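>>> Fold the following.
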Amino acid sequence: MPYDYQLNLEITPAQQQAILAAIENLENVLDDIGTVIIEPKQVKKLQLVGKKRFIYVKRCVKEIVPNNPDLESLAIKTQRADNLFESFQFLNSIQTRIKNLNLRISSTNYNAQHLLFEFTTDTYFHAKKYQHLFVGAEQAAKFLFELFGRQGNRKKKVEKPEESS
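Just a heads-up that it's a prediction; the model follows:
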């Protein structure tokens with residue numbers, strides 16, 4: 001979906017809680033099944049199935065070794081290989097869905113951030129324009145100047161302001 005200028009996003013507390021509960025549930029289930037975390041450097045060293053090897057691995061696990069038990073690996077028994085294969089297939093399918101969810105979440109977040117920055121830019125423009133008419137506009141212009149007024153001056157580092165309560 002492309003950028004949506006009309007995005008009107010409101011995630012209710014109930015929706016937030018439902019999303020967080022679903023994520024926590026997924027994390028708990030993954031902990032229960034014994035997932036591992038492999039560093040990217042380590043992944044590069046592993047021999048993975050991939051698309052080109054898939055048919056060979058599938059036939060080996062599902063046909064060749066079950067029909068020829070004498071060929072079974074001493075390190076990995078046939079039942080374990082079958083369980084690994086089925087799990088690999090399932091994890092591949094959910095990995096695609098999770099990537100799509102991540103894309104949807106990231107895109108919506110980027111869209112919201114862009115609109116928020118546009119809102120802030122408009123506020124600064126109006127604050128500068130009306131700063132001589134009322135105190136609130138003057139204060140806003142001074143505050144937002146730290147963000148917008150120094151854009152051409154990269155020598156001075158802009159500090160993050162304190163959060164207001």
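>>> Run through the protein and note the low-pLDDT ranges.
For the chain, residues meeting the criterion pLDDT under 70 lie at 1, 150-160, 165.
>>> At the geometric centre of it, which residue do we find?
Centroid-nearest residue in the chain, with Cα atoms, centre = their mean: Asn102, separated by 4.2 Å.
>>> Dump stretch 87-106 to CSV, keeping only the CA atoms.
Taking Å, rounded to 0.1, in the frame of the first residue of the first chain, the C-alpha atoms of stretch 87-106 are listed here in CSV:
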residue,chain,number,x,y,z
SER,A,87,9.1,-28.0,11.5
PHE,A,88,11.3,-26.4,8.8
GLN,A,89,8.3,-26.3,6.4
PHE,A,90,6.0,-24.8,9.1
LEU,A,91,8.6,-22.2,10.2
ASN,A,92,9.1,-21.2,6.6
SER,A,93,5.4,-20.6,6.1
ILE,A,94,5.0,-18.5,9.3
GLN,A,95,8.3,-16.6,8.6
THR,A,96,6.7,-15.3,5.4
ARG,A,97,3.6,-14.2,7.3
ILE,A,98,5.7,-12.5,10.0
LYS,A,99,7.7,-10.7,7.4
ASN,A,100,4.5,-9.4,5.9
LEU,A,101,3.2,-8.3,9.3
ASN,A,102,6.5,-6.5,10.0
LEU,A,103,6.2,-4.7,6.6
ARG,A,104,2.6,-3.6,7.4
ILE,A,105,3.7,-2.4,10.9
SER,A,106,6.8,-0.6,9.7
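>>> neighbours of Leu133, just the number please.
Residues lying near Leu133 (other Cβ atoms under 10 Å) number 9. Where you see a C-beta, it was placed from the backbone N, CA and C, and this is true even at glycine.
>>> That should have said Phe54, apologies.
13.
>>> Ok, Lys99 next?
Lys99: 10 neighbours (other Cβ under 10 Å).
>>> ok so, going back, tell me what the one helix or strand the residue nearest to the centre of the chain maps to is packed against?
According to DSSP states H and E, Asn102 maps onto helix 78-130. In terms of contacts (3 or more Cβ pairs under 8 Å, 6 or more residues apart in numbering; DSSP states H and E), helix 78-130 is packed against helix 65-67, helix 135-148.
>>> Format those helices as TSV; extra columns: mean neighbour count and distance to Ile33.
As requested, the helices and strands packed on helix 78-130 are exported to TSV (neighbours: other Cβ atoms under 10 Å; distance: least, Cβ to Cβ, whole Å):
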stretch	mean neighbour count	distance to Ile33
helix 65-67	14	24
helix 135-148	14	47
